[in-house]
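Engineer: model the structure of this input:
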Amino acid sequence: MSYYDELVKWKDFDFENYFSNVTDEDIKKSIGKDKLGVYDYLNLLSPKAQDHLEEMAVKAAKLTRQHFGNVIGLYLPIYVSNYCTSNCVYCGFSKKNHIKRRHMKFEEIEHEAQEIAKSGIGNILLLTGEAKGLVDKEYLKGGIDVLKKYFSSVSIEVMPLDEEDYRYLAEDGLDGLTVYQETYDEKRYEQVHLSGEKRNFKYRLDTPERGAKAGIRTIGIGALLGLGGIRSDAFKTGLHLKYLMENYPNSEFSISFPRVNEAEGNLKDSYAVDDLTFVQILLANRIFQPKAGITLSTRESAAMRDNIVALGVTKFSAGSKTEVGGYSHENESTAQFDITDNRDVEDIVRAIRGRGLEVVYKEWETLV
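Structural biologist: Residues are numbered from 1 along each chain as shown. Just a heads-up that it's a prediction; the model follows:
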């Protein structure tokens, strides 16, 4: 079983032709449905649907409150290594870039964890570059063991692993997994991943399934908007989410759509994703999959995050640093990308509460 089998069915689909035939009536019908099909989802992703964003926003907000209550969960990332053996044209950690590299020892991770824990946030996401041989399951286990002393829930965003490796880490207390396909266009994927393990499109695509089979509780997926065709990537990501939720009911799934941001070796031929289209994609996903989480990172501006926090988002990063050791030692390594929302945790909490919502610092307690 693999989502790839479903994905190839849409390989030659003419998105532009379909969108050109979508009517206002089609969009209104799709918004009004209790359960949307894949073509309803396509209708809400069409350019014409931007004329119906207000109706979509009302529906999205209602569904979010219905399924997730009046709260926003907070998390923080911890970057522990920025060495990478892959050459990806859009990433600041790419091996081709001449940047400050750092690989943290466990005692350094602990010092960083102590600083992060002062925020009161109980959900931590451990990130590394994709450096096979330097970052392996034993290094990840050691990092997870350190973080478990300070945080109630530990997730990872690292290179794809085999199912048995995920099971090994889950048994040690790993709670969550995040993996971005970057783009679901296989040809474009090859163009932006020039060398290294990350060139294996299908192995990466199957990563969420391996994690679910291994018993990982929460799994997040996404596409890097602007890397490939915007609406086709959004659609195929949403379709991936649908597939996972239907086939792996024992895991909780979430989705995210970060936009291409400033990075070392910045991508020159990306597709511009304007604010209106970005909001449309988030709303369409909330209406299509009302029970799935939606994560919004600090790649987005403070104004953008504040304005859409009540319209479908369920999880926020806050006070993030994207360089290795960034919470305790600034400028000792190069960041993966530039953060746009630079507010600290307290400011973000005030902003969320100002929108009539409450924050959750700690969502889960992992017992091992």
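
Engineer: tell me where this protein has strands.
Structural biologist: 71-81, 87-88, 123-128, 153-157, 176-182, 193-195, 218-223, 252-256, 293-296, 315-317, 358-360 (DSSP state E).

Engineer: could you dump these to CSV with distance to Gly142 and mean pLDDT?
Structural biologist: All C-beta atoms are positioned from the backbone trio N, CA, C, and that covers glycine. Listed next are these as CSV, based on distance: least, CB to CB, whole Å; pLDDT from 0 to 100:
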stretch, distance to Gly142, mean pLDDT
strand 71-81, 10, 94
strand 87-88, 26, 92
strand 123-128, 11, 96
strand 153-157, 12, 97
strand 176-182, 18, 97
strand 193-195, 28, 93
strand 218-223, 22, 97
strand 252-256, 26, 97
strand 293-296, 26, 96
strand 315-317, 24, 92
strand 358-360, 28, 94
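
Engineer: nearest to Glu107, of those?
Structural biologist: strand 71-81 (11.9 Å; CB to CB).

Engineer: in CSV, list the C-alpha atoms belonging to that closest one.
Structural biologist: The C-alpha trace of strand 71-81 is given here as CSV (Å, rounded to 0.1, in the frame of the first residue of the first chain):
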residue,chain,number,x,y,z
VAL,A,71,-7.6,26.7,21.7
ILE,A,72,-4.3,26.9,19.9
GLY,A,73,-1.5,24.5,20.7
LEU,A,74,2.1,25.9,21.0
TYR,A,75,5.3,24.1,20.1
LEU,A,76,9.0,25.0,19.7
PRO,A,77,11.6,23.6,17.4
ILE,A,78,15.1,22.7,18.5
TYR,A,79,17.8,22.4,15.7
VAL,A,80,20.6,20.1,16.9
SER,A,81,22.6,19.6,13.6
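
Engineer: surely Ala60 touches Gln280?
Structural biologist: No - taking contacts as CB atoms under 8 Å, Ala60 lies outside contact range of Gln280: 10.4 Å.

Engineer: these two - which one has more neighbours?
Structural biologist: Between Ala60 and Gln280, counting by other CB atoms under 10 Å, Ala60 is the more crowded of the two (28 against 23).

Engineer: ok, the more buried one to Leu45 distance?
Structural biologist: Using CB to CB, to the nearest Å, Ala60 is found at 14 Å from Leu45.

Engineer: where does pLDDT dip in this structure?
Structural biologist: Where the chain drops to pLDDT under 70, the residues are 262-270, 330-339, 364-368.

Engineer: run the last query once more with 80
Structural biologist: Within the chain, the stretches with pLDDT under 80 are 1, 261-271, 329-339, 363-368.

Engineer: contacts for stretch 300-316, please.
Structural biologist: 57, 60-61, 63-64, 68, 72-75, 254, 259, 275, 278-279, 282-283, 285-286, 293-296, 298, 340-343, 348, 351-352, 354-357 (CB atoms under 8 Å, 6 or more residues apart in numbering).

Engineer: could you dump the strands of the chain into CSV and include mean neighbour count and distance to Leu36?
Structural biologist: Listed next are the strands of the chain as CSV, based on neighbours: other CB atoms under 10 Å; distance: least, CB to CB, whole Å:
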stretch, mean neighbour count, distance to Leu36
strand 71-81, 23, 24
strand 87-88, 22, 33
strand 123-128, 23, 29
strand 153-157, 23, 28
strand 176-182, 23, 22
strand 193-195, 17, 32
strand 218-223, 23, 19
strand 252-256, 22, 15
strand 293-296, 22, 16
strand 315-317, 24, 22
strand 358-360, 16, 28
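
Engineer: how near is Asn261 to Leu227?
Structural biologist: For Asn261 relative to Leu227 (CB to CB), the value is 11 Å.

Engineer: compare the two (neighbour count), which wins?
Structural biologist: Set side by side, Asn261 and Leu227 show more neighbours around Leu227, with 29 against 22, by other CB under 10 Å.

Engineer: helices of the stretch 251-368 of the chain, start to end?
Structural biologist: Ranges of helices within the stretch 251-368 of the chain are 275-288, 302-308, 345-354, based on DSSP state H, counting those that start in this stretch.

Engineer: adding distance to Lys9 as columns, could you present those helices in a markdown table?
Structural biologist: Output for these, formatted as a markdown table (distance: least, CB to CB, whole Å):
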| stretch | distance to Lys9 |
| --- | --- |
| helix 275-288 | 18 |
| helix 302-308 | 32 |
| helix 345-354 | 40 |
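
Engineer: to Pro160, which of these lies closest?
Structural biologist: Comparing these under CB to CB, the one sitting nearest is helix 275-288, at 23.2 Å.

Engineer: now the contacts of stretch 300-316: which count as buried?
Structural biologist: With burial judged by 16 or more other CB atoms under 10 Å, the buried subset of the contacts of stretch 300-316 is 57, 60-61, 63-64, 68, 72-75, 254, 259, 278-279, 282-283, 285-286, 293-296, 298, 340-341, 343, 348, 351-352, 357.

Engineer: spatially central, which residue of the protein would that be?
Structural biologist: In the chain, the centroid-proximal residue (CA atoms, centre = their mean) is Ser256; its distance is 4.0 Å.

Engineer: what pairs with it across the strands?
Structural biologist: Gly222, Thr295 (DSSP bridges).
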